[in-house]
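Student: Provide a 3D model corresponding to the input given below.
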Amino acid sequence: MPPTFKKLAAIAIFFVAVKVLVDSPYFKEAKSSIAHRNEASATLDPPNLRQTAANKPPAAHPTSVDRNFDIVVYGDEVPGICAAIWAKKTLGEKGKVAVVRSNYATDPLGGVLTRGGLGYVDLDKIPDWYRQPYAQCFREFLDKANVPESCLEPKTADKALKEMLSEAGVQVISNSTLTPHVVNNQIEYAEVKNTKIKIKANSFIDVTQDAELARKAGLSYYTGYESQNIKSKNESLAISVVPTITGLTIADLRKIEDDILYDTPLVEKIKASISKYKDPASTEFWLRNFLTPIYQAYRDGYNIRSVAIGAAYHVDRNLPFTQEKGFFFDKANICVYKDNSMSWNGFLFKYKVDELMKMEANGRKPTPEMVQEMSYLQEWLQKKSGKDVRLFIPDEIYIRQTLNVRDVVAPLTGKEIILGGTIPEKSIGSFSYDFDLRGGVKDLESRIPPLPVYNFGIESALASKVNNLAIVGRSSGYVGMAVSVGRIATVNIYQGQGVGVAAGLASKLGVPLNTITSAETRETLEVLTGKTTYLSGRDTSYGVDYKEVK
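Tutor: This is a model prediction of the structure:
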């Protein structure tokens, strides 16, 4: 063979090999991971690079053959994915169920638990929760996502959700923002934005964080904590940026904490900065666990119970130690992943509700203020640890609460929760978690009740004025202090599974969704799972009259 021909053949083989490599799933996955990493970086990417990375190609809209469904779930939060899967289980093989979302097809599924980076899962405090019928979708999700105990990796969570939807036979339609058309108290169809496509279904389940579909359908809602105190109409919990941090270990954090605690002049500055902005009782609260070291709460999760690290950052940055506005470095929940990176939930920003609603309308993107503060934080952690620490901001910020739909069949109130929740005839399950008021709420004028153990049903999620609509998630029908517990993802996932079953029943029976009861839903859940429901709700007021709690 002539030398020239050999060279040409070798070149041809080289380019074929490169083409095969580029087209391989591994290469595409690695490319996607790198692109995401650069886009999320707090400091390494200039703003114009992040903006370019966000300009993703549009995904395909639904075709003419997939516009009619039995049930449509709008939004891709985990409670909605569970609703879709269990609606399909209830309907059987011939049932047609879709998850419709405004996100691009390339965006991870799972909303706040994936795109928001919220890795540290708030688990139910009822010991045997995983045996309950209403918890089986959540349990399957944690198993498929390989969660060791409490920490969820966004990438594996996205993969798990895709597998679950595929196995259930649920269709996912991306890049489709819906506007409902309501006739005679029913959504007749939902139109896809910028198209003439109309999606029809017997029932619609809105699982968007801000009840987007429900508000467009004309349902009224409370904002902030106005259902507890009208003065708190524009007041809500702090929001978080939950970055992934590399180059830092728990051992490094322990050393940073020790260095601060053994620096007497710094400790005095910290105490002075806290007392400057707090009354004596509040100062005592913040210093209560000052000498308590980082605590390993789970195999994969840690809690920072001392304010020392955060307060030292405030001193070094000359930031006021207050949660009322701006940035606050709080005590933290930390996940440690298999690659030794960390998910750190403790970096708070305080805004009014009207500002938060604008952020939601803008896709919950991190603001320049947040990116700048994370850049300062990265530099500070590098200095304190002597390590090459890097912070990567997720695609979305974690907004805890903005609004709650009022027009539901039976709202769940804080007073009810304290007394044990809904009566058994109106319950599908039980849940226990603290009244969590992270960042505080101005003008709340209410004591924080002790840990509740309460029953819940589906009636707080069923729209009263639109017969074939349910609202599942933090914007569901929670009133007063119930907002602080109802926003927890775990109980919303439980309720999502139940509402999916209810929607399946409504479709099979040919009746409006808001006529299905918790009792019917619980019975069907038990049949589908082969498990018996044990309700644990009980009065946790311990004789104290929380008369101000609504």
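
Student: which residues does the residue nearest to the spatial centre of the chain contact?
Tutor: The C-alpha lying nearest the average C-alpha coordinate of the chain belongs to Val112 (C-alpha atoms, centre = their mean; 3.3 Å). By C-beta atoms under 8 Å, 6 or more residues apart in numbering, the residues touching Val112 are 77, 118, 209, 396, 398, 489. Glycine gets a C-beta too; all of them are placed from N, C-alpha and C.

Student: can you rerun that using 10 Å?
Tutor: 77-78, 118, 209, 242, 364, 394, 396-400, 473-474, 489 (C-beta atoms under 10 Å, 6 or more residues apart in numbering).

Student: okay, now Glu149: neighbour count?
Tutor: Using other C-beta atoms under 10 Å, Glu149 has 12 neighbouring residues.

Student: Ok, Asp210 next?
Tutor: Other residues lying near Asp210 total 23 when counted by other C-beta under 10 Å.

Student: Likewise for Leu319?
Tutor: When neighbours are defined as other C-beta under 10 Å, Leu319 has 17 of them.

Student: Name the nearest residue to it, ignoring sequence neighbours.
Tutor: Phe327 (6.6 Å; C-beta to C-beta, 6 or more residues apart in numbering).

Student: what about that neighbour, which SS state?
Tutor: Using DSSP: H, G, I helix; E, B strand; the rest coil, the structure places Phe327 in strand.

Student: next one: Ser430
Tutor: Assignment for Ser430 (three-state DSSP): strand.

Student: Same check on Val99?
Tutor: Taking three-state DSSP, the label given to Val99 is strand.

Student: Would you check how far apart it and Lys162 are?
Tutor: According to C-beta to C-beta, to the nearest Å, Val99 stands 11 Å off from Lys162.

Student: what's the overlap in contacts for those two?
Tutor: 81, 109, 172.

Student: For the first one, the count of nearby residues, please.
Tutor: Using other C-beta under 10 Å, Ile81 has 31 neighbouring residues.

Student: same thing with the last one?
Tutor: Other residues near Val172 number 19, with proximity taken as other C-beta under 10 Å.

Student: about what we covered before: can you lay out the shared contacts of Val99 and Lys162 as JSON lines showing secondary structure, pLDDT and distance to Leu261?
Tutor: JSON lines is the format used below for the shared contacts of Val99 and Lys162 (DSSP: H, G, I helix; E, B strand; the rest coil; pLDDT from 0 to 100; distance: C-beta to C-beta, whole Å):
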{"residue": "Ile81", "secondary structure": "helix", "pLDDT": "98", "distance to Leu261": "44"}
{"residue": "Leu109", "secondary structure": "coil", "pLDDT": "98", "distance to Leu261": "42"}
{"residue": "Val172", "secondary structure": "strand", "pLDDT": "97", "distance to Leu261": "50"}
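
Student: Look up how far Val97 lies from the residue nearest to Asp434 when sequence neighbours are not counted.
Tutor: Residue nearest to Asp434 in three dimensions, not counting chain neighbours: Leu451, with 5.5 Å by C-beta to C-beta, 6+ apart. Plainly put, Leu451 is 36 Å away from Val97 if you go by C-beta to C-beta.

Student: ditto for Gly169
Tutor: For Gly169, the distance to Val97 - C-beta to C-beta - is 8 Å.

Student: Find residues that contact each of the two.
Tutor: Shared contacts of Gly169 and Val97 (C-beta under 10 Å, 6+ apart): 85, 88-89, 91.

Student: what about Leu451 and Val97, which has more around it?
Tutor: Val97 (30 against 11).

Student: The more buried one and Gln136, how far apart?
Tutor: 17 Å.

Student: list the buried ones in stretch 178-188?
Tutor: 178, 180, 182, 185-187 (16 or more other C-beta atoms under 10 Å).

Student: Which ones among the residues you listed map onto strands?
Tutor: 178, 180, 182, 187 (DSSP state E).

Student: That's all I had, so thanks and see you.
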